[in-house]
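Trainee: Using only what follows, build the 3D model:
(2 chains)
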Amino acid sequence: DAGVIQSPRHEVTEMGQEVTLRCKPISGHNSLFWYRQTMMRGLELLIYFNNNVPIDDSGMPEDRFSAKMPNASFSTLKIQPSEPRDSAVYFCASSLGGPDYGYTFGSGTRLTVV
Amino acid sequence: GESVGLHLPTLSVQEGDNSIINCAYSNSASDYFIWYKQESGKGPQFIIDIRSNMDKRQGQRVTVLLNKTVKHLSLQIAATQPGDSAVYFCAENMKGGADGLTFGKGTHLIIQP
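Mentor: You can find the predicted model right below:
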């Protein structure tokens, strides 16, 4: 089992550019979560998918953020346009049984917007 | 405000001693709790979980205690080892809630040789 795979591991971009983060959940897991981690705010849930359908996106900061899950093995988180305050580590996690079961996290994408 | 929080941001223990990491939660409807360990540069790693119908659960060298009366959760690590150095997070989820887990800010466990 390769675990949850995220790419890229690191991303440095200029303010105003579009950023796309990618996630491959564990095969067979039916729930996928995007989290953002900063020193000030800790781990924040951005959006949650169940069976590829977005269930709760109330954590998405604003319209600049969007997430998709076109199939059970792939999800993207897009920021357009990016801003310096978006700098953080973005984690993807997947779960077999929805939000009531432990998640498996990926290694994260460290995003720096300059 | 913060629905899940930790009493101490940093905990320093001697190698071989037992560690106790505490967590307070404010949502009495929470039904499921998890402890995660995060090492530098890595994603959080599942340690142990507990549901609200239990007050204690044991794993390998770890024990989670849940006190619903005072809404308190703790993680006990027996015979702490250097590899236990990490940030530990507690997380909660409401029963039947559609939301993901809500995480506390974390406690940094430092192991002294």
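Trainee: Show the average pLDDT along the host helix or strand of B:I111.
Mentor: Per DSSP states H and E, B:I111 falls inside strand B:107-112. Mean pLDDT, strand B:107-112: 94.
Trainee: Give me every residue in chain A lying close to chain B.
Mentor: A:4, A:33, A:35, A:42-43, A:45, A:48, A:55-56, A:58, A:91, A:93, A:99-108 (Cβ under 8 Å from any Cβ of the partner chain). Quick note: C-beta positions are derived from backbone N, CA and C, even for glycine.
Trainee: Buried ones from those residues, can you make that a ChimeraX selection?
Mentor: Burial among the residues of chain A next to chain B is assessed by 16 or more other Cβ atoms under 10 Å in any protein chain shown; the matching ChimeraX selection reads:
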select /A:4,33,35,42,43,45,48,55,56,91,93,99,100,101,102,103,104,105,106,107,108
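Trainee: Can you tell me which of the residues of chain A next to chain B end up in strands?
Mentor: A:F33, A:Y35, A:G42, A:L43, A:L45, A:Y48, A:I55, A:D56, A:F91, A:A93, A:T104, A:F105 (DSSP state E).
Trainee: From A:T13, how far out is the nearest residue to the last one once chain neighbours are set aside?
Mentor: So the one you mean is A:F105. Nearest non-adjacent residue to A:F105, counting by Cβ to Cβ, 6 or more residues apart in numbering or on different chains: B:G43, 3.4 Å away. Distance from B:G43 to A:T13, counting by Cβ to Cβ, to the nearest Å: 21 Å.
Trainee: When these two are compared, which one has more neighbours?
Mentor: Using other Cβ atoms under 10 Å in any protein chain shown as the criterion, B:G43 and A:T13 rank with B:G43 on top: 22 against 17.
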